[in-house]
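**Student:** Sequence unavailable; structure follows:
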């Protein structure tokens, strides 16, 4: 093997690393130019669109237009597993779905980029609200913020208690007439 070929194997670059780095740098540029809050808003729009597309795939695969709470929880965990996350259900009841996560799909590229967590918030929120009518996604702990894992609460009801929680609200969009 030539010297050039052996040196190339040590270059940490493949398609996955490239796209995770691209998203990290896009989020970073947005955060620097418009601030974390507005950058989170832009990432949210992308997350909502992706959530709508993913939702359609799960509806087809599960053979239903309307997922129940257990199917929503399964969908949230499964979609993250498919893209390299390690989410799991800690608790599921009529008030909320509480999820933990041991591995971010963005890997180490998410560190210091909290706006990237809006992808999770919007995908989870849009899918949940579409099927259960309402969701408020609370990112209690995130790997992006330096925690060892994520703790995400998806609240299923609008109450005075959930109104006081810091998070993003999602409601089922009504079809236009």
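**Tutor:** Noted; the coordinates are in hand. What you see is a predicted model; the values in this text were computed from it and never measured.

**Student:** Where does the prediction get shaky in the protein?
**Tutor:** 1-7, 174-177 (pLDDT under 70).

**Student:** any idea where the helices of it begin and end?
**Tutor:** 3-9, 15-34, 36-62, 69-82, 117-132, 160-163 (DSSP state H).

**Student:** Run a quick neighbour tally on the closest residue in space to residue 135 that isn't next to it in sequence.
**Tutor:** Spatial nearest neighbour of residue 135, excluding adjacent residues (C-beta to C-beta, 6 or more residues apart in numbering): residue 128 at 3.7 Å. C-beta: built from backbone N, CA, C; applies to glycine. Neighbours of residue 128 under the rule other C-beta atoms under 10 Å: 28.

**Student:** can I assume residue 128 is in contact with residue 170?
**Tutor:** Yes: in this structure residue 128 lies within contact range of residue 170 using C-beta atoms under 8 Å: 6.8 Å.

**Student:** got any residues that touch both of those two?
**Tutor:** Common contacts of residue 128 and residue 170 (C-beta atoms under 8 Å, 6 or more residues apart in numbering): 134-135, 137.

**Student:** Show the contacting residues for the residue positioned nearest the centre of the chain.
**Tutor:** Central residue check for the chain by C-alpha atoms, centre = their mean: the C-alpha nearest the mean position is that of residue 120, 1.2 Å away. Contacts for residue 120 (C-beta under 8 Å, 6+ apart) come out as 47, 80, 137, 139, 150, 152.

**Student:** Fine by me, thanks again.
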